[in-house]
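Visitor: Turn this into a model:
(2 chains)
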Amino acid sequence: MAHIKLLNEELPGIVGLLYYRPETGKPLTDLAETLLRGPSSLTSGEREIIAASVSYWNKCHFCHTSHAAAAAAHLNSGLALIDDIKAGLPNTLVSDKLRALLHIAHQVQGNGKNVTEADIEAARAEGATDIEIHDTVLIAAAFCMYNRYVDGLGTWAPGPNEAYAEMGERMAHVGYGRF
Amino acid sequence: MFRPETAGPLNALVQTLLHNPHPTLSAGERELIATYVSGLNNCKYCTTIHGAIAKHQLDNDGEIVKQVRIDPETAPISDKLKALLKIAAKVQSGGKNVSDADVAFARARGATDIEIHDAVLIAAAFCMFNRYVDGLDTWQPDNDELYDKMGEQRAREGYLTKPFKVERTEETI
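Guide: This is a model prediction of the structure:
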């Protein structure tokens, strides 16, 4: 049970929190919609992989599994992607640019100051643009918020990967505008 | 502005969390949570600017801000706020670190559900803002007077108005 009394105890993860406080729910979902589904030279699948990876590094089961399921829905890869993200994507074909951006995201997850000029140069050498670097840093930073919000209030989350299949499809194809 | 599409929701979030009227927590108390968490994340820009805003929200009392940054336990603030700052510190180190005992402790000192919710979300949000600012290695002024002036503006106007023009006269790290 969550640390606070939610209006609907059955809503998993962040969903119950968004309904609990719509004043903050609105900017939180607007931010996710823009970062993960708004116009970008990174695909939504790539951006969801960044979100899911950061959430895994932060040990947030709900955010990792749901955003990995959303990535799987975008990429038509099947739910095996959820565990592949945990392992560092050995079985998923991703560009060297995305791997360099994931490294930046991992540095941000530790602390913003951990990002070095060499990390940025390495991403640029793989073709990353300023806006792609900006968005990677902000996606990683934002999930350091969402993950702490979800776990800090002790919300409930389904266990098995399969329980997230439908949620992932909805996140990918309907979006975050209506939570 | 580099990315207005993301600036919109980010500003709306901070405005709601820190500036808009709150049923029970004052803007000064909420700014103290933001300042304290930014200090724990070693984000100089956010610590200094939110410290300045907090000071202006607390009848220009910089001493409270200074003491909260050193040790909330001995600072001249309510027991309830001390308990909320303890939860905020747990969130900063990882959401799962918040225990039932931390929440029960805050409740015993009068904290309500919405105060616990907002303390967690403010702490979480500053774990984002701090990483965003430092992860992109943004330029930061090194001038206390300037931060104080910016803090006075934000305390008065909130987060949705244009910043005043800062002359970039000195290079700092």
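
Visitor: how about the nearest residue to A:Asp151, chain neighbours excluded?
Guide: Computed as Cβ to Cβ, 6 or more residues apart in numbering or on different chains, the closest residue to A:Asp151 that is not its neighbour in sequence is B:Gly95, at 2.8 Å. For every residue, glycine as well, the C-beta is placed using N, CA and C.

Visitor: Enumerate every residue touching the one you found.
Guide: Counting by Cβ atoms under 8 Å, 6 or more residues apart in numbering or on different chains, B:Gly95 touches A:58, A:60, A:147-153, B:120, B:124.

Visitor: what's around A:Lys113, how many residues?
Guide: Look at A:Lys113: counted by other Cβ atoms under 10 Å in any protein chain shown, it has 18 neighbours.

Visitor: Which residue ranges of chain B form strands?
Guide: Ranges of strands in chain B, per DSSP state E: none exist.

Visitor: Show me the residue at the heart of chain B, geometrically.
Guide: B:Ala34 (1.7 Å; Cα atoms, centre = their mean).

Visitor: Output the below-cut-off pLDDT ranges for the chain.
Guide: Reading this off chain A. A:178-179 (pLDDT under 70).

Visitor: nope, chain B please
Guide: B:167-173.

Visitor: Go through the helix ranked longest in chain A and flag the buried ones.
Guide: Scanning chain A for the longest helix, with DSSP state H as the assignment, gives helix A:130-152. Buried residues in helix A:130-152, counted by 16 or more other Cβ atoms under 10 Å in any protein chain shown: A:132-152.

Visitor: OK, contacts around the most centrally placed residue in chain A?
Guide: Nearest to the mean C-alpha position of chain A, counting by Cα atoms, centre = their mean, stands A:Ala51 at 2.2 Å. Contacts were defined as Cβ under 8 Å, 6+ apart; by that measure A:Ala51 touches A:35-36, A:63, A:67, A:71, A:139, A:142-143.

Visitor: Next, give me the two most distant ones among these.
Guide: Across the contacts of A:Ala51, the two members that end up farthest from each other (Cβ to Cβ) are A:Ala71 and A:Ala142, 15.8 Å apart.

Visitor: Now B:Arg3. Nearest residue, chain neighbours left out?
Guide: A:His134 (6.1 Å).

Visitor: for B:Arg30, same thing?
Guide: Leaving aside its sequence neighbours, B:Arg30 sits nearest to B:Leu18 (Cβ to Cβ, 6+ apart; 4.9 Å).

Visitor: So the one you found is in contact with B:Leu25, correct?
Guide: No - counting by Cβ atoms under 8 Å, B:Leu18 sits too far from B:Leu25 to count as a contact (9.7 Å).

Visitor: Of those two, which one has the most company?
Guide: B:Leu18 (28 against 22).

Visitor: I'd like to know how far the residue nearest to the centre of chain B sits from A:Phe62.
Guide: According to Cβ to Cβ, to the nearest Å, B:Ala34 stands 25 Å off from A:Phe62.

Visitor: swap in A:Ala70?
Guide: Distance, A:Ala70 to A:Phe62, using Cβ to Cβ: 12 Å.

Visitor: How many neighbouring residues does B:Pro4 have?
Guide: 8.

Visitor: and what of B:Gly94?
Guide: Neighbours around B:Gly94, by other Cβ under 10 Å: 17.

Visitor: ditto for B:Pro163
Guide: B:Pro163: 9 neighbours (other Cβ under 10 Å).

Visitor: Next: B:His50.
Guide: If we define neighbours as other Cβ under 10 Å, then B:His50 has 30 of them.

Visitor: That one contacts B:Ala34, doesn't it?
Guide: Yes - shown here, B:His50 and B:Ala34 form a contact pair, counting by Cβ under 8 Å, at 4.5 Å.

Visitor: Can you name the residues that contact A:Glu169?
Guide: Here A:Glu169 is in contact with A:69, A:73 (criterion: Cβ under 8 Å, 6+ apart).

Visitor: if we can go back for a sec, A:Thr116: which of the contacts of B:Gly95 is nearest?
Guide: Once Cβ to Cβ is applied, the member of these that ends up nearest A:Thr116 is A:Asn58, at 20.9 Å.
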